[in-house]
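Enquirer: sequence below, structure please.
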Amino acid sequence: MERDDVLKVFCTEDFNEISDDEIKGANKWICSVLLEDLNTLVGDNNESIQNFAFNLFESLLNKHGEDLESDSMFIKLKIFYRLFVNTSARSEVFKELSLKKLTVIHWLAILRFEDLLPETTYAICCFGKHIYNKYLLEKEFFDFISDLTTICNTNTKDHVHSSLIAFFWKLFEECPTFLSESFQSMGKRDFIYILGILIELTDNNYETESTYVKVHENNIYFMASLLERWCQDNFKEAETLRLPLYLMTILGTLGIHKRNYSDNVFTNKEILSSIKVILMNILGVEDKKGQIPGTSERFKALCNNDDDFVPLNDLKISCLRLVTNICMDNEENQKNAGEVGLLYPVLQCSFDKTTLDVALRKEWSVICIKALTDKCEENQEFLRDIKNKLSSRVVESLKEKTIFA
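Expert: Next up is the predicted model:
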């Protein structure tokens, strides 16, 4: 197909006048031509490209609610839509021009077409941060993001889920305000859905150095500040234990690659203080003898929330895992942990009860103590002092776990 034939497809004002073979020929040209030639064609026909994208979405949306199974025009529009998606995948210029006339309402509405979801979610993935930057200030934008999180969590088609996961990956990495804006603009349930997506991304991509998600540092700072805020004023603003569980799970995984971030991202006394508060309250709830004072009544109520039950041991392990990963080979954080009084509650986690991660076969309380005391004389001294104050039964138990020699 010649360049002029492709241009005819993009410049049409009546989709009916273009044959299916012409659309498919243009699609083949788009996928095989040199990128420089594609961008030249798009850039030289600025207005026509904008109109093409706008008219295509409008034509598709006008079909909503009709019987589409045997609608020949809808079938033709689907072929045009694939052309739009494939061009978006290749050309940054095309994406920029398309967004000039498309609104977030167009994207919200196109999600209603179940038949088009694979193409739509792939297009959204291709546009990535362009969508965020273009529509962030529009009031419907986070309705759109909310719909995407719901589709990502409920759609059973692998390619739909994979496209949306890749889209959110780009937002976590490239959009420094994504998490803070989402928290301010979305309901708590939808925000936790977003954190769930980030957990999936980090858990699935931390096996090798080359594939891990490098979350933007501003998004990490926000998660750390949100954890601190959750603990403030005796958990006054806390609504669910799932929020700190997800935050600490994510931060704990990101902490594995702390050297790839600025030094002060994970060298953070406030994170350690927040973890101490959470651990002390967990231990207080677990303490049936009433030996640990000061347990928050609000925290107890959250533990008894049957509508959003979070196992305390999962929360405890997320605390210990985060401490381990940000304190290992970090002398300043080891000292910070000692200064905020974190060693004793961590040690208490190893008394009687297990903190075993069954999947990883890791006893996190033991690993955490070792991370806090390795080559840290101050924390080793604390262990020596506390050993003399514990009962012989507890000391023997800790020896079995190799915490004490």
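
Enquirer: quick one: end-to-end length of stretch 38-48, please.
Expert: 14 Å (C-alpha to C-alpha, to the nearest Å).

Enquirer: mind listing the helices for the stretch 301-405 of the chain?
Expert: For the stretch 301-405 of the chain, applying DSSP state H, counting those that start in this stretch gives helices covering 312-327, 331-339, 343-348, 364-373, 377-387, 392-400.

Enquirer: could you check how far the nearest residue to D308 once chain neighbours are set aside is from L247?
Expert: With sequence-adjacent residues excluded and distances taken as C-beta to C-beta, 6 or more residues apart in numbering, D308 is closest to T240, at 4.9 Å. Just so you know, the C-beta spots here come from the backbone N, C-alpha and C atoms, and that holds for glycine as well. To L247, T240 is 11 Å away according to C-beta to C-beta, to the nearest Å.

Enquirer: now swap in P118 and tell me
Expert: P118 is 32 Å from L247, by C-beta to C-beta.

Enquirer: higher neighbour count, these two?
Expert: Counted by other C-beta atoms under 10 Å, P118 and L247 do not tie: L247 has more neighbours, with 24 against 18.

Enquirer: any idea which helix or strand carries the more buried one?
Expert: According to DSSP states H and E, L247 maps onto helix 242-254.

Enquirer: the helix or strand following that helix - contacts with which helices or strands?
Expert: Following helix 242-254 in sequence order, the next helix or strand is helix 263-266 (DSSP H and E). Where contact means 3 or more C-beta pairs under 8 Å, 6 or more residues apart in numbering; DSSP states H and E, helix 263-266 is packed against helix 217-235.

Enquirer: what's in contact with the helix it packs on?
Expert: Residues from elsewhere that reach helix 217-235, judged by C-beta atoms under 8 Å, 6 or more residues apart in numbering: 172, 175-180, 183, 237-238, 243-244, 247-248, 250-251, 254, 261-262, 265-266, 268, 270-271, 273-274, 277-278, 281, 296, 298-299, 302.

Enquirer: again, only this time at 7 Å
Expert: 172, 176-180, 183, 237-238, 243-244, 247-248, 250-251, 254, 261-262, 265, 268, 270-271, 274, 277-278, 296, 298-299 (C-beta atoms under 7 Å, 6 or more residues apart in numbering).

Enquirer: from those residues, keep the buried residues only.
Expert: 172, 178-180, 183, 238, 243-244, 247-248, 250-251, 254, 261, 265, 268, 271, 274, 277-278, 296, 299 (16 or more other C-beta atoms under 10 Å).

Enquirer: picking that back up, give me the element the residue nearest to D308 is part of.
Expert: Going by DSSP H and E, T240 is not part of any helix or strand.

Enquirer: quick one: contacts for it?
Expert: Counting by C-beta under 7 Å, 6+ apart, T240 has contacts 302, 305, 308.

Enquirer: among these, who's most crowded?
Expert: Busiest of those [other C-beta under 10 Å] is L302, holding 21 neighbours.

Enquirer: if you skip the residues just before and after it, what's nearest to it?
Expert: L241 (5.1 Å).
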